[in-house]
Every structure is written in C-alpha cells, then in structure tokens.
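S.K.: just a sequence and a predicted model for now, questions to come.
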Protein chains: 2
Amino acid sequence: MESRCENCIIRQLNSLKALNKEELKRISDSKVTKTIKKGETLFEEGEKLNGVFCVRDGVTKLAKMSDNGKDQIVKLATKGEVLGQRSVISQEATNLSAVALNDMEVCYIPKSHLEDSINNNTEFTKAVLLHMAHDLKLADDAIVDMAQKSVKQRIAQVLLYLHEYFDTDAEGFIALILTREDIAGVVGTAKEACIRTLTSFKKENWISTEGKRIKVIDTVALQRLADGF
Amino acid sequence: MESRCENCIIRQLNSLKALNKEELKRISDSKVTKTIKKGETLFEEGEKLNGVFCVRDGVTKLAKMSDNGKDQIVKLATKGEVLGQRSVISQEATNLSAVALNDMEVCYIPKSHLEDSINNNTEFTKAVLLHMAHDLKLADDAIVDMAQKSVKQRIAQVLLYLHEYFDTDAEGFIALILTREDIAGVVGTAKEACIRTLTSFKKENWISTEGKRIKVIDTVALQRLADGF
DNA sequence: ATCTTTCACTGACTTATATCATCGTTTCAA
DNA sequence: TTGAAACGATGATATAAGTCAGTGAAAGAT
C-alpha cells in the first residue's frame, strides 16, 4: 500500500505534524513503506540508524538485552509513534532493539530528509523536543516504579496500561496479544513470577484469561494495588 | 557574588552555550543568583516552575517520593546542569524535587526569557534537544539496570559513578559526601541493605570508609561485578 | 496430518532483599 | 557544652522473587 505523507492521518499523532507542505512532499518522495511480519526485527541494539521509522500499523517492542540474558522491554510503540528519533538526533547507535509483536506497516524516512527540517523549522524542532520531554518524564517515573514497586504492583500497572491503550476485542480481552514472557519483560521479572501473579489475580477475580488472552475485570482493584493499597 | 552570564564559564557546559551575545545579555539582566544551603529545597515535586536553575556550584539530588514513602533519587546534578528544563518546556509541573546536598550557588532564569530563544534560536533548541536525547538514553539504561541488576551490582555502579564524576579529596575519598540513605535512594534499596553491601565491599578490599566518606580502591573489581562477573 | 517448537502452568527449592529492633557514634543546634 | 537528632552498623526474621525441573496444550512448520 502506497500513499502520500500529506494525506497520512498517522502524521497527526506525532511531531511530523509540525512540518509544512513542502517538507512533507520532500519526505513523502523519499520515504519507503515497509511491511514487517510478526517476530521480525526493525533494528537491533547497537545499530546505527540512518533514518526513523514511522509506525502506521501494528505494535513493536523496544527492548534492551541485559547482561543476564533477559530482554527488558522499555516501551511498546504503536500507530503514530516515531522510532529511532533519539538515535538520529544524537548521532549515536541505538541502545534498543525493535521487534514486531504483530504484522506491521511502517514508513522509513531517511535521516538526511529530516535534518533539514530539524535545522530550519523551529516548530518541528520544538515539537520533537516537547515529545522527548514527555518521554523523559515517563522514563523517570518508570525508574521510580522499577525501584520501589513490587512485581505484583508493576504487573497490575502493565495490565491497566494494556487495557487502556490497546483496545479490547469483541469479548473484552486486551487486543494486543503478548506472551507471558513479554509481559515479564516489560515488568522486569521472570516469566514464572509473571504467570504466578496473573494466576493470583485470576483468583481474586480481577482478571480472566483464555490462553494468551487476558481480560481485565476489576480496574479499580488493580489500580489500588498498583498505587500501594 | 554577582556576575554576567557572558563571562560565566559554567555556560560552556550546557545548552546555554548556543545562545548569542544579545540573548545572553537579556538573560543576564533578568537572572537571579541564589545561594542555597545544604539541605534546603530548590523546588518540590508537583511545583510549577516558572524558570530554570543553572547550577554554578554544589550538588543537588533530584528525587521522587514513592508510595511507600521512600525517596528515589533519579539524578545528582552538579556544576553546569540546568534544572527544570523539562518542566518549562512541557509546561507541566515537575515530577521531581531538588534538594541541595551541599552549599550551592545557582542562577535562576525566568522562563519568559528562555521562551524567546526556544522559539527563535534553532541552534539553542537543537542544543536542548540533544541534551534531552542524551538524558533519555541514560534514563532507558537506568530502567534496565533497575529491573535486571542486583542491589550489589547497582551499588558498585553508583560507587564507580561517584568516583568518576565527583573528584576525590586529598586522601582519595570521594569528594561528594552522601549519607548511606542517599546512596540507598539512588540505588533504590533500603539503607540497611546498602550498608551491608558496603561492608561486604570493604571485606573484599574494594573500598574503604571513614565515617560517611568512601574511598574506592579496586575499580576493576567493582566494574566486573557491575557488569555481571 | 504429523512433527517440532513454543508456551502456559505448577511445584519445590534457594536466595536476595525488606523489615524490625537495637546500640554506639557523630553531627548539629540551643 | 550539652542534649537531641541523625546516622552507621549489625543481628534476627520474614517475605518476595529467582531458579530449576517437568507436564500438557497450543501454535507453527513441513
């Protein structure tokens, strides 16, 4: 599927909305739309990125491998998210890898076409800056949560997050299907601990599951737990 | 002590170096130099900041109170660091509080005087952006470390960090004096666990202590531990 | 359709870390 | 200079979470 950035709704969701007609046209002409299958890698940790990826559809996990061999998922990126911004801005290699959690459609925009806009369009630079300031705040919060909250609390948080940000299917299950190991990866724990916690939540009747699928039933209880009783 | 931004060396350390003569003059005229005593608060979590603080001397801890009542220290800011940037940019209240760890000298620059520069000086905006991109990378790394490394590893990391970024005194002790509770706050653990870990490091002869003061002896061993053997 | 791999789930066990309690020492303000 | 408060240090104990091992079900590949 081919299309013009000018007409792309996704743009409205991110900093690219600050670009003007000409800039969009230029980017549109140079961008490459790619289809990424579930499980495929967009980029690897340590890679030097020469452009950014604009997610049009699907979800990807941004993760970092730790010394002990476990993948720590730092962020789940969806529709509208621009990946690799930081790496391009700071001219450094990425510290994260990106793997598709389901089939994705992304646009690859070469760095050279963004640099002009970063250098000359203050509105755009400001938009990127604002977005990054927000990400930084979230990251700070995440550090505190990692350090101070228990695995139970963090799993409750993640469930609420998934429930809120990814729609539910017809039966009320969270639309994004993650393996227990991926959930553990977001939370920063072992998959066994993750599974046990989920079973305990089931017993409390806060959630129900069917295979990998999870349905959040009692958001209030989960929130109370996440907030520390 | 009063002085002009134009002549301030500190400026060279941060994004303010991208400002031109006129902008500097304007800021210099509006800035207020403050002396903050050890233990005093620069700003509190949740406060709405109407300007930024440029640290000229001393060290401050940027921390967030967690639900369980413990202070999680997210960053130690020194000479050259600009505090409150993010809050000013995103027009949100800070999510962190800043408390002086020793006597400090800071310049307060009202937000209004920066906004002009953010809006019109692309070089400046880019400099801020670059800085924030770097902070974000560090934050991502911190998340992974919090989630995957043990308390021992994280304490080793912090000791190495303190040893490297804050000079040592004549006898080789880390110049920045922190309480064990503050170190625990950086690491995200209880002060008892912190103390016990330090004693274990002493037994290994990796460090030595004298009251609050800590001397790092074997950086190699500490680094190896931090990296996971 | 069958084989293979991945995955959810559970139990048993170990280890790391939090929590509580206490004591002597240092720091600091009156 | 003295008394109070903050701090370092340690022991005892509880608990959370990691690790290892194994089973059956589901998903995916051939």
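M.R.: Received it, and whenever you're ready, just let me know what you need. Numbering: from 1, shown residues only, chains lettered A, B, ... in the order given.
S.K.: and for chain A, the residue most distant from the center?
M.R.: In chain A, counting by CA atoms, centre = their mean, A:Lys203 sits farthest out from the average C-alpha position, at 29.7 Å.
S.K.: what does stretch A:172-187 rub up against?
M.R.: Contacts with stretch A:172-187, where a contact means CB atoms under 8 Å, 6 or more residues apart in numbering or on different chains, come from A:59, A:61, A:63, A:70-73, A:76, A:101-102, A:151, A:154-155, A:158-159, A:162-163, A:166-169, A:190-191, A:193-195, A:198, A:210, A:212-216, B:147. Where you see a C-beta, it was placed from the backbone N, CA and C, and this is true even at glycine.
S.K.: just the mean pLDDT for the strand or helix carrying A:Ile214, thanks.
M.R.: Using DSSP states H and E, A:Ile214 sits in strand A:213-216. On average, the pLDDT along strand A:213-216 is 98.
S.K.: same question, stretch A:16-28
M.R.: Stretch A:16-28 comes out with an average pLDDT of 93.
S.K.: hang on, the earlier thing: out of the contacts of stretch A:172-187, which touch DNA strand D?
M.R.: Applying CB under 7 Å from any atom of the strand, the subset of those adjacent to DNA strand D comprises A:151, A:190, A:193, A:212.
S.K.: can you report phi and psi for the closest residue to the last one other than its chain neighbours?
M.R.: I take that to be A:Lys212. Nearest residue to A:Lys212 in three dimensions, chain neighbours excluded: A:Ile177, at 5.2 Å (CB to CB, 6 or more residues apart in numbering or on different chains). Main-chain torsions, A:Ile177, degrees, to the nearest 10: phi -90, psi 120.
S.K.: what pLDDT does A:Ile177 get?
M.R.: According to the prediction, A:Ile177 has pLDDT 96.
S.K.: gap between it and A:Asp71?
M.R.: A:Ile177 is 17 Å from A:Asp71, where distance means CB to CB, to the nearest Å.
S.K.: what about the two, which has more around it?
M.R.: Neighbour count, other CB atoms under 10 Å in any protein chain shown: between A:Ile177 and A:Asp71, A:Asp71 has more, with 20 against 17.
S.K.: where in chain A is pLDDT low?
M.R.: Along chain A, the model assigns pLDDT under 70 to residues A:1-2, A:229.
S.K.: and the helices in it?
M.R.: Per DSSP state H, chain A carries helices over the ranges A:21-30, A:85-90, A:111-120, A:122-148, A:151-165, A:180-187, A:191-203, A:219-226.
S.K.: so which of the ones you listed comes closest to A:Ser3?
M.R.: Closest approach to A:Ser3 among the helices of chain A (CB to CB): helix A:21-30, 8.5 Å.
S.K.: output the contacting helices and strands for the closest one.
M.R.: Here helix A:21-30 touches strand A:104-110, helix A:111-120, going by 3 or more CB pairs under 8 Å, 6 or more residues apart in numbering or on different chains; DSSP states H and E.
S.K.: related to what we said a few turns ago, which helices and strands does the strand holding A:Ile214 pack with?
M.R.: helix A:151-165, strand A:207-210.
S.K.: buried deepest among the ones you listed, which one?
M.R.: A comparison of the helices and strands packed on strand A:213-216 by mean neighbour count, using mean count of other CB atoms under 10 Å in any protein chain shown, puts helix A:151-165 on top with a mean of 19.
S.K.: quick one: it near DNA strand C?
M.R.: No - under the criterion of CB under 7 Å from any atom of the strand, helix A:151-165 makes no contact with DNA strand C; the nearest approach is 11.7 Å.
S.K.: roughly how far out does that helix sit from the chain middle?
M.R.: On the basis of CA atoms, centre = their mean, to the nearest Å, helix A:151-165 sits 14 Å off its chain's mean C-alpha point.
S.K.: with stretch A:203-217 instead?
M.R.: 23 Å.
S.K.: please see if it touches DNA strand C.
M.R.: Yes - using CB under 7 Å from any atom of the strand, stretch A:203-217 reaches DNA strand C at A:209, A:211-212.
S.K.: what about the helices and strands packed on strand A:213-216, which gets the closest to A:Val32?
M.R.: helix A:151-165 (27.5 Å).
S.K.: can you list contacts of the closest one?
M.R.: In contact with helix A:151-165 (CB under 8 Å, 6+ apart) are residues A:76, A:78, A:145-146, A:149, A:174, A:176, A:178, A:183, A:186-189, A:193-194, A:197-198, A:200-201, A:207, A:214, A:216, A:219, A:222-223, A:225-226, A:228.
S.K.: swap the cut-off to 6 Å and go again
M.R.: Helix A:151-165 is contacted from outside by A:174, A:186-187, A:189, A:193, A:197, A:216, A:222, A:225-226, using CB atoms under 6 Å, 6 or more residues apart in numbering or on different chains.
S.K.: that'll do, ta.
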